[in-house]
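In: give me the fold of what follows.
(chains A and B)
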Protein chains: 2
Amino acid sequence: MAKIQAQILKGFRDYLPQDMIPREEMIDKVKEVFQKYGYSPLETPALEYQETLCGKYGDEGEKQLYKFEDNGKRKVGLRFDLTVPLARVMATNQNEISLPFKRYQIQNVYRAEKPQKGRYREFYQCDVDCVGATSLVADAEYVLIASDLMKALGVNDFQVRLNNRQILNGFFEYSGIKEKDVRAVFMIIDKKDKISPSEFNKELKSIGLSSEQIKKIVSFGKISGTNQEILSELGKIFNKTNDGKVGLAELTEVVGYLEAAKIPEKNYQIDLSIARGLEYYTGTVYETFLGGSAKDFGSVLSGGRYDKLIGMFMNQEIPAIGCSLGLDRLYAALVELKLVANKIQTTAEILVTVFDDSLKVKSFEVANQLRKSGKQVSLYPGDGNLGKQFKYADKLGIRYVIILGPDEVVQNKATLKDLTKNKQITVSMDQLDKELGI
Amino acid sequence: MAKIQAQILKGFRDYLPQDMIPREEMIDKVKEVFQKYGYSPLETPALEYQETLCGKYGDEGEKQLYKFEDNGKRKVGLRFDLTVPLARVMATNQNEISLPFKRYQIQNVYRAEKPQKGRYREFYQCDVDCVGATSLVADAEYVLIASDLMKALGVNDFQVRLNNRQILNGFFEYSGIKEKDVRAVFMIIDKKDKISPSEFNKELKSIGLSSEQIKKIVSFGKISGTNQEILSELGKIFNKTNDGKVGLAELTEVVGYLEAAKIPEKNYQIDLSIARGLEYYTGTVYETFLGGSAKDFGSVLSGGRYDKLIGMFMNQEIPAIGCSLGLDRLYAALVELKLVANKIQTTAEILVTVFDDSLKVKSFEVANQLRKSGKQVSLYPGDGNLGKQFKYADKLGIRYVIILGPDEVVQNKATLKDLTKNKQITVSMDQLDKELGI
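Out: Below is the predicted model of the structure:
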């Protein structure tokens, strides 16, 4: 076989054990929270018909689709997100799925975009959605889910910021912003935190808003206080708008549930600037921000109600609410907050060394015994002397090393070294288990 | 948006919750065993350069590769197995990986083959490999891993069948079978169990073997007894062959470790007919069969030593041993053995119903309290009366249903129905937790 230069594709990455171990730990905790709320796992194929995928992601998205013709001349594409596949699943599994359908899905998605720091062409998305959620209890529950997720990951300083798209619609009605300008205004509001106030003004002016309208937007953005204070302020604005009244009633109901459940107000806050870039949200919207040294990471968990999307292949509207957890961003934030264990390259807690060929059997036996008592044990499967084996344990981050040399074996003992403490003791074989503090 | 007929691609499948829940349970147990042996998780991209993938899978494999040109005109292909990506990882991460490298990898692979019952174009592979395993303790450990896996999954009736490719090579030397015929003979031996003895003879004859040679093959195939008896028989045949002697010494050493670890002989057995179809094995080979009603499922866990493959991109030989767990087949076997829980469609153990709009808040509170005590709770997020909500719980397989009607709420009580027993009681709120036997 001719040797070729092996390369990984640009924008793709290997998850080596040192990357996988803490990520899987994080994902396991996340799944546990979803399951606590009765959400169940779903997986869908990496490939779908182009017809299913195309026309859903706008022009920019379309360009980023991995599309090709398969061997059977079918036009196919790689999964671009987990929402369109969910809509497809709802249409093709109508007999097997009962509504409300509560699912989570953690799978890679593929986007042929320009790779840059922290942006990959293959990355995990983690979506939780409740399809057929006609009740606003589901909306309120997402704040609990966010809150439980953060706590499960060790994060105490976080805040879910809540809004409702109908409130924004009501505000546009109230301030006389025309339908055709709404999209542009949304996009500007959405990047409010990333630009200066004067740039914000300038951008609004550039799309033709009057000074009066801009003033209304700015003062609307300044409404603050406790959640009840904000709701009361909104009541004054919205007594004459249709959408606004609906949005306010919804938000009031959601806040009511959260107050009843005694969720501390520091962990959720109405924030009228939350718009969400995507156009498909129809009601509740929210984002989740961390504090402390992770305050600049942006929202790690965002979502909302999107009642017009999930039935797209079924010719009907199916109400739905959900959220997307940004796993890469969240992981980076946990690293920043020092909530992720130091990089270790293995799951093994103990390395059982092999002294020489004549004592291999003994090492094999001892490793096997330790596993029976529940330990994670690597029996050294290479060659080389003890020095090499110690270096190996050290490099991989294995804490305990066990030596079974001729002296130990003759006395039915084992030498145990704790690499974190650089401490070594020789103990009788029945004491070994006890000495391993794991 | 125009309505299109949503379809799933032929040969692909959705894993709905009823499929995912028991599969994930199985996979979690599998991972736990791998970790007990110090194997660590690895994931690699779905896409690789065609140059990396092509030329590795033979003509048949090549045809089944999903290949295309990406937007940047790179020739890429979807992962076909997990071995070639492992070899690529070893080449491109030389500075980050210490040998011996013990990894497991559970990811989908893609094969554009004709879909048929139980064969899909996207399916999970589950590989465990030790790269840089110069020591035969690793070979012996795979029998322990197989054994622990089966026990973890509740299977007690199983057998690992062991052989060594060098023994087969030695046998070819001993019986004068020419190098050029070896491949054909291997392939016939490999399907021995699927064809009749007379067909077996006929096929061997058709490739030009003499009656004498066929007799030797048949009598070789009949060597049986305890492992030590077989080793002793082989000793008589192999005293004059080079490869045979090496293979016999290796197999003897491996069996020695397993005897020292007191693995019951019913769970592993030398089987000289195990050849493994793939040509790349160089030493130990093994397959794992189940008994009872799952005896016709074929091997659920197979592998061996392949010392010449993993260094393919590095211009060097790196010894390696590993195995592949057939997850789909294993799952089917567990279903056959009734070791998989009945189909349930949700992770929720309890459904908290919503009596009417005025009592939603109460249901919200109670659901939240139950979760705090560790329960998996779905708060009904749809609309409809109690009857509809009960049907929903029943259909999904949720065991407990809680009702919080006006009578209950006024008395600070809850009604709890156990759907498996069709039994209903009303208890005070502080008794609720106790009454839920979970």
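In: export the lowest-mean-pLDDT helix or strand in chain A to CSV, keeping only CA atoms.
Out: Least confident helix or strand, chain A: helix A:179-190 with a mean of 83, by mean pLDDT, DSSP states H and E. Extracted as CSV, the C-alpha positions of helix A:179-190 are listed here (Å, rounded to 0.1, in the frame of the first residue of the first chain):
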residue,chain,number,x,y,z
GLU,A,179,-44.3,45.7,8.9
LYS,A,180,-41.7,46.0,6.2
ASP,A,181,-39.2,47.5,8.6
VAL,A,182,-39.7,45.1,11.4
ARG,A,183,-37.1,42.6,10.2
ALA,A,184,-34.4,45.2,10.0
VAL,A,185,-35.3,46.6,13.4
PHE,A,186,-35.2,43.1,14.9
MET,A,187,-31.8,42.5,13.5
ILE,A,188,-30.5,45.8,14.9
ILE,A,189,-32.0,45.1,18.4
ASP,A,190,-30.5,41.7,18.3
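In: list the buried ones in it?
Out: Neighbour counts over helix A:179-190 (16 or more other C-beta atoms under 10 Å in any protein chain shown) mark A:Ala184, A:Val185, A:Phe186, A:Ile188, A:Ile189 as buried. Bear in mind the C-beta positions are built from the backbone N, C-alpha and C, glycine included.
In: does the third one touch A:Ile274 like I think?
Out: No. At 11.2 Å, A:Phe186 and A:Ile274 do not qualify as touching, with contact defined as C-beta atoms under 8 Å.
In: other SSEs contacting the least confident helix or strand of chain A?
Out: helix A:165-174, helix A:197-206, helix A:211-221 (3 or more C-beta pairs under 8 Å, 6 or more residues apart in numbering or on different chains; DSSP states H and E).
In: can you get me a residue count around the residue in the stretch 101-250 of chain A positioned nearest to chain B?
Out: Closest to chain B within the stretch 101-250 of chain A is A:Ala138: 3.8 Å, counting by C-beta to the nearest C-beta. Neighbourhood size, A:Ala138 [other C-beta atoms under 10 Å in any protein chain shown]: 26.
In: starting at the chain centroid, how far to the host helix or strand of it?
Out: A:Ala138 is located in helix A:137-152, with elements delineated by DSSP states H and E. A distance of 13 Å separates the centroid of the chain from that of helix A:137-152, by C-alpha atoms, centre = their mean, to the nearest Å.
In: give the rounded mean pLDDT of that helix.
Out: Averaged across helix A:137-152, pLDDT comes to 97.
In: cool, stretch A:232-252 as well?
Out: 91.
In: how about that stretch: buried residues?
Out: Within stretch A:232-252, the residues scored as buried using 16+ other C-beta under 10 Å are A:233-234, A:237-238, A:241, A:243-248, A:250-252.
In: go on, stretch A:390-402?
Out: For stretch A:390-402, burial by neighbour count (16+ other C-beta under 10 Å) applies to A:Phe390, A:Tyr392, A:Ala393, A:Leu396, A:Gly397, A:Ile398, A:Arg399, A:Tyr400, A:Val401, A:Ile402.
In: closest residue of the stretch 1-150 of chain A to chain B?
Out: Nearest residue of the stretch 1-150 of chain A to chain B, counting by C-beta to the nearest C-beta: A:Gly38, 2.9 Å away.
In: out of everything not next to it in sequence, what's closest to that residue?
Out: Spatial nearest neighbour of A:Gly38, excluding adjacent residues (C-beta to C-beta, 6 or more residues apart in numbering or on different chains): B:Ser378 at 2.9 Å.
In: check contacts around the one you found.
Out: A:Tyr37, A:Gly38, A:Lys102, B:Thr346, B:Ala348, B:Ile350, B:Leu351, B:Val352, B:Ala367, B:Ile398 (C-beta atoms under 8 Å, 6 or more residues apart in numbering or on different chains).
In: got the phi/psi numbers for it?
Out: Torsion angles at B:Ser378 (phi, psi; degrees, to the nearest 10) stand at phi -110, psi 120.
In: bridged to it, which residues?
Out: B:Leu351 (DSSP bridges).
In: over to A:Lys423?
Out: Beta-bridge partners for A:Lys423, by DSSP bridges, are A:Asp418.
In: what count of nearby residues applies to the closest residue to A:Arg13 other than its chain neighbours?
Out: The shortest distance from A:Arg13 to any non-neighbouring residue, by C-beta to C-beta, 6+ apart, is to A:Tyr120 (6.1 Å). Look at A:Tyr120: counted by other C-beta under 10 Å, it has 18 neighbours.
In: quick check: phi and psi on A:Tyr120?
Out: When quoted as degrees, to the nearest 10, the phi and psi of A:Tyr120 stand at phi -120, psi 160.
In: what do you get for the one 10 residues further on?
Out: Backbone dihedrals for A:Cys130, given as degrees, to the nearest 10, come out at phi -120, psi 100.
In: and it, how far from A:Gln105?
Out: Noted for A:Cys130: a distance of 13 Å to A:Gln105, by C-beta to C-beta, to the nearest Å.
In: is it correct that the residue of the stretch 101-250 of chain A closest to chain B is in contact with A:Cys130?
Out: Yes. The pair A:Ala138 and A:Cys130 qualifies as a contact (C-beta under 8 Å) at a distance of 4.8 Å.
In: quick check: neighbours shared by these two?
Out: Joint contacts of A:Ala138 and A:Cys130 (C-beta under 8 Å, 6+ apart) are A:Pro100, A:Ile321, B:Pro381.
In: quick check, the second one in a helix?
Out: Same thing as A:Ile321. No. Using DSSP: H, G, I helix; E, B strand; the rest coil, the assignment for A:Ile321 is strand, not a helix.
In: give me the neighbour count for the nearest residue to it once chain neighbours are set aside.
Out: Closest residue to A:Ile321 apart from its sequence neighbours, by C-beta to C-beta, 6+ apart: A:Arg305 at 4.3 Å. Here the number of neighbours of A:Arg305 (other C-beta under 10 Å) works out to 26.
In: residue contacts, A:Arg305?
Out: A:Ala133, A:Asp139, A:Arg165, A:Tyr281, A:Thr282, A:Gly283, A:Thr284, A:Val285, A:Pro319, A:Ala320, A:Ile321.
In: burial count for the second one?
Out: Read that as A:Asp139. Neighbours of A:Asp139 under the rule other C-beta under 10 Å: 27.
In: how about the helices in the stretch 301-438 of chain A?
Out: For the stretch 301-438 of chain A, applying DSSP state H, counting those that start in this stretch gives helices covering A:327-336, A:360-372, A:386-396, A:406-410, A:429-435.
In: put together a markdown table for those helices, with mean pLDDT and distance to B:Val410 on each row.
Out: Output for the helices of the stretch 301-438 of chain A, formatted as a markdown table (pLDDT from 0 to 100; distance: least, C-beta to C-beta, whole Å):
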| stretch | mean pLDDT | distance to B:Val410 |
| --- | --- | --- |
| helix A:327-336 | 94 | 43 |
| helix A:360-372 | 96 | 56 |
| helix A:386-396 | 97 | 62 |
| helix A:406-410 | 96 | 72 |
| helix A:429-435 | 91 | 57 |
